[in-house]
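In: here is my input, please return the structure:
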Amino acid sequence: MTAEEKVAHDALLEQVKSVAKSEIETRGFQNADSVNALIAKSLEGLNIEQLRSYDGEKIQTTLNSIAGELEKVKNIRVGSDLDANRNALKQAVDMLMSPKADGSASDVELMMRDKGNGGTKEIVLNIRAAANMTTDNTINENSYPAEMIESVSLIDGVVKKRRGEQYIFDIADRRIVANIDQYTSWLEEGTEEGAFAIVAEGAVKPLVSTALVRNFAEAKKIAGKTVITEEFAKWRPKAWQAIQDLLRDKLQRDYSALLTTDLNAQAASYVGTSLDDTIVTPTDFDAIGAVAAQIETLNFFPDVLILHPQDKWRLVLQKDSENRYYMLVPFVDADGVVRMMGFRVVTSTYQTPGTFTLGESGLFKIEEETITIRLGYGIDVTTGTIGTSGGTAVTSVTSDFDNNRMRMIIETFFKDWIATNHIGSFVRASFATVKAALLKP
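Out: Numbering: from 1, shown residues only. This next block holds a predicted model:
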């Protein structure tokens with residue numbers, strides 16, 4: 001290299017170092033001196049043509065790339081021991097900067113030379129954690145308040161208790177309306193007198209008359225309330241939502257129970273048929289048949305049989321005198337409905353064991369509104385006895401508003417009835433009672 005070429009070479013080298021230093025200082029590295037030394041070392045041995053290839057834009061781009069990678073390395077945090085991670089990082093960088101065992105240039109030096117020649121060589125840092133990462137040391141399960149559970153999604157909501165299904169809606173005709181009227185009125189056929197007959201010419205025609213009877217049903221209301229604090233509704237929204245669902249469910253169950261009570265109050269009992277005292281060894285099937293005969297004698301058409309599950313299985317497992325099962329009763333029809341002796345079978349734990357209900361469905365009527373839920377404030381009034389006179393007086397009054405409470409009212413209006421002329425269309429009977437009536441003396 002001539003003296004003139006050496007001057008040009010040194011000038012270019014200083015220019016590259018200056019640009020690199022300026023760029024590194026602009027980015028504000030804390031270890032700028034070490035990085036400058038690294039860059040200077042990597043530039044040693046480059047000829048003038050290689051230095052000329054470092055135009056200003058390329059130098060800036062190359063250094064931006066290096067600076068970006070160094071910033072990533074600077075910000076790496078692996079494991080929980082910071083000092084151990086720093087040591088791992090230092091060892092990895094030292095290894096890349098140190099000459100190879102055979103005396104050849106380091107990985108960083110080779111990368112800088114490769115960049116000078118327009119190459120794309122990259123350095124990969126493989127930094128190992130100071131410890132094996134497990135569920136115990138990787139995630140810090142910080143202690144959290146119980147309220148935080150509200151942010152956790154629930155699987156299938158609240159697991160409810162198993163309860164029996166009321167059978168009222170399997171036998172009644174149910175209708176839901178937007179707004180119920182206070183009364184429902186209908187006309188029933190009353191007593192008729194006389195009869196039509198064949199009369200001779202000029203003879204007096206027989207007098208025939210009939211009457212109508214007006215009947216009615218009055219609306220009733222089933223309702224309940226619950227009182228909660230405003231904090232509970234605010235800080236436990238999921239629990240509050242689940243409780244509202246449970247309260248609506250309880251309203252439906254209690255409502256169904258009241259309807260079933262009304263149904264049973266209108267049910268007829270077994271009075272008797274011509275089958276009484278005629279069967280040597282009456283079975284439960286005989287009892288069902290006798291009740292069906294009574295209902296059909298009144299010109300009704302029984303189509304639904306309500307049994308307790310224990311009675312259903314007792315009937316299924318009954319055998320004849322030769323120890324053979326009654327395979328034809330019960331059976332499942334093409335629609336998947338269980339039938340016994342031609343009747344649709346409904347099982348319910350609310351049917352008393354040892355009894356059954358048989359009847360024509362659709363004659364017991366129910367009309368109801370949808371459930372109404374209201375939130376508001378109220379007061380609690382406490383009364384007590386006054387002196388020895390036995391009178392009562394208000395002793396204290398507490399307000400929901402003053403005590404940071406609110407109350408929820410759940411209610412619905414309904415009417416249920418059966419026309420007088422349809423009484424007898426369903427019967428509630430005891431297997432033992434009917435079999436005793438059928439037993440041949």
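In: okay, buried residues for whichever strand in the chain runs longest please.
Out: Ordering each strand of the chain by length in residues (DSSP state E) puts strand 405-417 first. Residues of strand 405-417 classed as buried: 405-408, 410, 412-417 (neighbour count, 16 or more other Cβ atoms under 10 Å). To be clear about C-beta, it is placed using only N, CA and C from the backbone, and glycine gets the same treatment.
In: could those be laid out in JSON lines, adding pLDDT?
Out: Below are the buried residues of strand 405-417 laid out as JSON lines (pLDDT from 0 to 100):
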{"residue": "405", "pLDDT": "88"}
{"residue": "406", "pLDDT": "89"}
{"residue": "407", "pLDDT": "88"}
{"residue": "408", "pLDDT": "89"}
{"residue": "410", "pLDDT": "91"}
{"residue": "412", "pLDDT": "94"}
{"residue": "413", "pLDDT": "96"}
{"residue": "414", "pLDDT": "97"}
{"residue": "415", "pLDDT": "97"}
{"residue": "416", "pLDDT": "96"}
{"residue": "417", "pLDDT": "96"}
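In: related to what we said a few turns ago, partners of the longest strand of the chain, with directions?
Out: Its sheet considered, strand 405-417 pairs with strand 220-229 (antiparallel), strand 364-369 (antiparallel), strand 372-376 (antiparallel) by DSSP bridges.
In: domain ranges for the chain?
Out: Residue ranges for each domain of the chain read 3-116, 164-441, as given by automatic domain parsing.
In: nearest to residue 158, out of those?
Out: domain 164-441 (4.4 Å; Cβ to Cβ).
In: shaky segments in the stretch 251-400 of the chain?
Out: Counting by pLDDT under 70, the ranges of the stretch 251-400 of the chain that qualify are 327-330.
In: quick one: the strands in it, in order.
Out: Using DSSP state E, counting those that start in this stretch, the strands found in the stretch 251-400 of the chain span residues 304-307, 331-332, 338-340, 343-347, 355-359, 364-369, 372-376, 379-386, 391-399.
In: closest one to residue 201 among the strands paired with strand 405-417?
Out: Nearest to residue 201, of these and by Cβ to Cβ, is strand 364-369 at 48.9 Å.
In: show me what counts as buried in that closest one.
Out: 364-369.
In: before we move on, what about stretch 220-231?
Out: 222, 228.
In: what does that stretch contact?
Out: 240, 243, 247, 250-251, 254-255, 258, 378, 400, 404-415 (Cβ atoms under 8 Å, 6 or more residues apart in numbering).
In: could you rerun that using 6 Å?
Out: The contact list for stretch 220-231 (Cβ atoms under 6 Å, 6 or more residues apart in numbering) reads 255, 404-405, 407-411, 413.
In: just these now: which is nearest residue 164?
Out: When the contacts of stretch 220-231 are compared against residue 164 (criterion: Cβ to Cβ), the nearest one is residue 255, at 14.8 Å.
In: what separation do you get for that closest one and residue 294?
Out: 31 Å (Cβ to Cβ, to the nearest Å).
In: looking at those two, which one has more neighbours?
Out: residue 294 (23 against 18; other Cβ atoms under 10 Å).
In: can you get me a residue count around the nearest residue to the more buried one once chain neighbours are set aside?
Out: Once flanking residues are discounted, residue 294 sits nearest to residue 273: 5.2 Å by Cβ to Cβ, 6 or more residues apart in numbering. Counted by other Cβ under 10 Å, the residues lying close to residue 273 total 19.
In: hang on, the earlier thing: beyond the longest strand of the chain, next helix or strand please.
Out: Counting by DSSP states H and E, the next helix or strand C-terminal to strand 405-417 is strand 426-430.
In: could you say what helices and strands the helix or strand following that following strand packs with?
Out: Following strand 426-430 in sequence order, the next helix or strand is helix 431-438 (DSSP H and E). The contact analysis (3 or more Cβ pairs under 6 Å, 6 or more residues apart in numbering; DSSP states H and E) places helix 431-438 against helix 284-297.
In: residues touching the helix it packs on, excluding its own?
Out: Counting by Cβ under 6 Å, 6+ apart, 270, 273, 275, 279, 302, 315, 358, 427, 429, 431, 434-435, 438 sit against helix 284-297.
In: among those residues, who's most crowded?
Out: Busiest of the contacts of helix 284-297 [other Cβ under 10 Å] is residue 434, holding 28 neighbours.
In: contacts only, for that one.
Out: Contacts of residue 434 (Cβ under 6 Å, 6+ apart): 270, 287, 290.
In: and it, how far from residue 279?
Out: Taken as Cβ to Cβ, the span from residue 434 to residue 279 is 10 Å.
In: how about residue 323?
Out: Taking Cβ to Cβ, one finds residue 323 at 20 Å from residue 279.
In: next: residue 378.
Out: 62 Å.
In: which helix runs longest in the chain?
Out: For the chain, the helix that runs over the most residues, judged by DSSP state H, is helix 237-266.
In: that helix packs against which elements?
Out: helix 168-171, strand 405-417.
In: any idea of the angle the longest one forms with helix 237-266?
Out: Relative orientation of strand 405-417 versus helix 237-266 (axes from the mean of the first three to the mean of the last three Cα atoms, to 10 degrees): 30 degrees.
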